[in-house]
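J.: return atomic coordinates for the entry below.
(one chain, ligands or ions: 2)
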Amino acid sequence: MILKVNSNSPDSTFKLGEKFGQLLKGDEVILLCGDLGAGKTLFTKGIASSLGINPDNVVSPTFVIMNKFEGDLHTLLHFDLYRLGENIDNNVPEIDEHINENIIIVEWAQYLSPSYFRLKNSIDINFSVRDNYIRIIKIKTSLDYINFNFI
Ligand SMILES: Nc1ncnc2c1ncn2[C@@H]1O[C@H](COP(=O)(O)OP(=O)(O)OP(=O)(O)O)[C@@H](O)[C@H]1O
Ligand SMILES: [Mg+2]
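T.: Numbers count the residues shown, from 1 in each chain. Ligands and ions are numbered 1, 2, ... in the order given. Predicted coordinates:
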């Protein structure tokens, strides 16, 4: 299933993340692809907020590979692969260790091997910048509970 949504403001991207986050069951691997400033972290803050995590604490993990947050019901693991970039050689063990246990969000997932996009519980979200304030957000997943009803 592919859902395509346009966001016309930072706030709208945050709110979209919040609504999306309410659908999660706790073991999804959310793969965020898109360039600098495309809105990946803002969307992640929205997801965090829906899980009962203070969104102000969600900043890209720059010096560590992963940040961990305890929500009301679920644990969120937030990865950002920007600095690892092209050096990633297929797999990221820190991600593999937690698959199926927690909600995993990966920024710069375009650096990952395609096998992550084939996981049965993966959700592939692509952000593209149309102009200063418009972002096109494309959500691809085979999970049937992620559907248009949330928008
Ligand atoms: N519709 C929009 N949705 C999201 N962000 C927007 C939008 N319009 C403008 N912006 C601006 O774009 C920036 C998005 O920043 P954000 O940190 O979420 O991007 P990112 O994809 O995580 O970038 P990076 O790869 O550097 O981590 C913010 O400065 C925000 O104010
Ligand atoms: Mg970011």
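J.: what comes up buried for the helix or strand hosting residue 94?
T.: Assigned by DSSP states H and E, residue 94 belongs to helix 93-96. Neighbour-count burial for helix 93-96 flags residue 95 (criterion: 16 or more other C-beta atoms under 10 Å). From N, CA and C alone the C-beta is placed, and that goes for glycine too.
J.: mind exporting the C-alpha coordinates of that helix to CSV?
T.: Output of helix 93-96 as CSV, limited to C-alpha atoms (Å, rounded to 0.1, in the frame of the first residue of the first chain):
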residue,chain,number,x,y,z
PRO,A,93,24.0,-4.6,14.1
GLU,A,94,22.6,-2.1,16.6
ILE,A,95,19.4,-2.1,14.5
ASP,A,96,19.3,-5.9,14.0
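J.: can you list the residues of this structure near ligand 1?
T.: 7-10, 12-13, 34, 36-42, 60, 82, 107, 133, 135 (C-beta under 6 Å from any ligand atom).
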